[in-house]
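[1] the sequence and its predicted three-dimensional model are supplied below.
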Amino acid sequence: MATGRRSMAERLPAQSLPSWRRAVLKVGSNLLAADGGGLTPRHAEALAAFIAQAHAHGRQLVLVSSGAVAAGRALLRQRAGDDLAARQALAALGQAPMIALWQSLSERPVAQVLLTHDDLRHRRRYLNARATLRELLRLSVLPVINENDTVAVDELKLGDNDNLAAIVAALVDADLLLIASDIDALYDADPRRNPNAVPIDRVPELTPEVMAMAGGSGSSVGTGGMRTKLEAAVKAGAAGIPTVLFDGRNAQTVAALAEDCLHGTLFEAPRSRMQARKYWLRHAPAAPGRIQVDDGAARALAGGRASLLPGGIVGIEGEFHRGDMVEIVDAARHPVARGLCQYGVAEVRRLAGRHSSEIDAVLGYSYGAEVVHRDDLVVLAETNR
């Protein structure tokens with residue numbers, strides 16, 4: 001059957017990857033699990049080489065890696081159970097060797113980041129995770145993300161690193177989601193059971209008919225299947241991020257990615273990332289609070305490329321917390337912009353009019369130089385353009 005899949009892959013037309021500067025790469029358990037148990041670099045080496053080449057071209061990558069449970073199971077001489085508590089224990093055991101594998105293949109420092117879906121739903125945790133990942137990328141570190149399976153009860157039952165990768169892609173404002181799997185594309189039928197299954201190279205829209213093509217999990221060590229990959233593509237697409245699915249076992253396929261050439265399936269996004277982001281920022285409910293800025297800050301924000309710094313703030317109205325959506329108004333209280341605030345109202349009052357370099361001295365800590373970062377801000381005047 002493996003030979004049949006390779007011959008099918010040869011019929012997949014080469015296509016260009018969407019333009020990208022920052023991407024999230026999800027690697028499944030089957031690509032890391034050794035036949036005798038534990039982890040193997042056999043397929044990871046090519047993926048690590050792709051990551052290195054992307055870095056060499058000034059691109060940024062965030063890695064979402066499965067494999068912790070498989071690695072943990074190999075460390076135990078006795079067979080662990082399959083209940084939730086056993087899987088959580090195996091995940092805790094396997095995190096260290098999984099991170100060690102990626103560090104052994106990376107010339108850059110590797111940072112472990114454990115998340116749950118709840119971390120990404122909670123506004124303050126969301127901003128904390130976002131700020132941490134942004135700083136890691138600025139420092140040229142490779143973030144390796146996994147679910148915090150030891151505490152994520154519901155998420156572990158789903159075993160859903162595909163969907164986690166899509167959420168992370170939106171979190172870091174990625175331009176592309178790459179899913180490395182043990183299958184080379186989406187097929188119109190299960191290629192493991194139907195030798196006549198036809199690979200699909202491009203999916204303009206994830207319709208119910210396309211979703212119906214997904215089968216169950218085909219992995220003996222992982223817990224995801226084609227269904228979760230399509231669900232991930234839906235989530236990424238809603239954020240304006242296209243998704244590509246490719247065979248992570250095929251070194252030539254992986255190497256071609258470094259040349260922006262895809263042999264696999266491209267799931268198009270219904271709108272651009274910027275369009276999706278701006279739409280959400282414009283329409284997300286705002287807190288009952290406003291930040292008033294001076295004329296210089298208002299002009300800078302209206303240009304669409306500036307962050308709101310504390311020095312331009314002249315007044316604060318109402319109440320809001322860190323992570324809330326706030327309105328930004330000019331001296332005449334005309335709306336200028338809106339965005340996610342990095343600081344709460346009491347903190348902004350203390351910082352108003354000060355230089356960003358004073359934040360740590362004034363508060364005793366810092367969430368960043370910006371009160372509202374430009375990536376989390378939309379200019380309201382653009383709604384009429």
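    Thanks, I have it.

[2] so Tyr187 is in contact with Asp201, correct?
    No: applying Cβ atoms under 8 Å as the test, Tyr187 and Asp201 come out as separate, 11.0 Å apart. Heads up, the C-betas are built off the backbone N, CA and C, glycines and all.

[3] who's more crowded, these two?
    Tyr187 (22 against 16; other Cβ atoms under 10 Å).

[4] nearest residue to the more buried one other than its sequence neighbours?
    Ala197 (4.1 Å; Cβ to Cβ, 6 or more residues apart in numbering).

[5] how about the contacts made by that neighbour?
    Residues near Ala197 by Cβ atoms under 8 Å, 6 or more residues apart in numbering: 8, 187-191.

[6] now, which of those lie within strands?
    Among the contacts of Ala197, the ones falling in strands (DSSP state E) are Tyr187.

[7] what's the most distant pair in the contacts of Ala197?
    Met8 and Asp190 (12.5 Å; Cβ to Cβ).

[8] between these two, which one's more packed in?
    Taking other Cβ under 10 Å, Met8 and Asp190 do not tie; Met8 has more neighbours (19 against 15).

[9] how about low-confidence regions in the stretch 101-250 of the chain?
    For the stretch 101-250 of the chain, the stretches flagged by pLDDT under 70 are 117-118, 121, 149-159, 215-224.

[10] show me the helices in it, by range?
    All helices of the stretch 101-250 of the chain, identified by DSSP state H, counting those that start in this stretch, fall at 117-121, 123-138, 153-158, 161-171, 208-211, 226-238.

[11] how far away is Leu245 from Asn194?
    Leu245 sits 18 Å away from Asn194, going by Cβ to Cβ, to the nearest Å.

[12] comparing those two, which shows the higher neighbour count?
    Using other Cβ under 10 Å, the more surrounded residue of Leu245 and Asn194 is Leu245, with 28 against 11.

[13] tell me the secondary structure for the residue of the chain most remote from its centre?
    Distance from the centre of the chain peaks at Ala332, with 39.2 Å (Cα atoms, centre = their mean). Assigned state for Ala332: coil (three-state reduction, DSSP: H, G, I helix; E, B strand; the rest coil).

[14] pLDDT value on it, please?
    With respect to pLDDT, Ala332 scores 93.

[15] do the one 4 residues further on as well
    At Val336, the predicted lDDT confidence score is 95.

[16] hang on, it is in a strand, isn't it?
    Yes: assignment of Val336 by three-state DSSP places it within a strand.

[17] that one contacts Val329, doesn't it?
    Yes: with contact defined as Cβ under 8 Å, Val336 counts as touching Val329 (6.0 Å).

[18] neighbour count: these two, which is higher?
    Between Val336 and Val329, counted using other Cβ under 10 Å, the more crowded position is Val336 (23 against 20).

[19] for the more buried one, which residues are in contact?
    Contacts for Val336 (Cβ under 8 Å, 6+ apart) come out as 293, 298, 301-302, 328-330, 379-381.

[20] surely Val293 meets Ala306?
    No: Val293 is not in contact with Ala306 according to Cβ under 8 Å; the separation is 10.6 Å.

[21] show me what contacts Ser356?
    Ser356 sits next to 309-311, 369-370 when contact means Cβ under 8 Å, 6+ apart.

[22] got the phi/psi numbers for it?
    Main-chain torsions, Ser356, degrees, to the nearest 10: phi -60, psi -30.

[23] find residues that contact each of Val336 and Val329.
    Residues touching both Val336 and Val329 (Cβ under 8 Å, 6+ apart): Val293.

[24] quick one, phi/psi of Val371?
    Here is the backbone geometry of Val371 (degrees, to the nearest 10): phi -80, psi -40.

[25] how near is it to Thr207?
    Distance of Val371 to Thr207, computed by Cβ to Cβ: 42 Å.

[26] now do the residue farthest from the centre of the chain against His373, distance only.
    In terms of Cβ to Cβ, Ala332 sits 25 Å off from His373.

[27] quick one on the thing from earlier: can you say which of the helices of the stretch 101-250 of the chain is packed in most?
    Counting by mean count of other Cβ atoms under 10 Å, helix 161-171 has the highest mean neighbour count of the helices of the stretch 101-250 of the chain, with a mean of 26.
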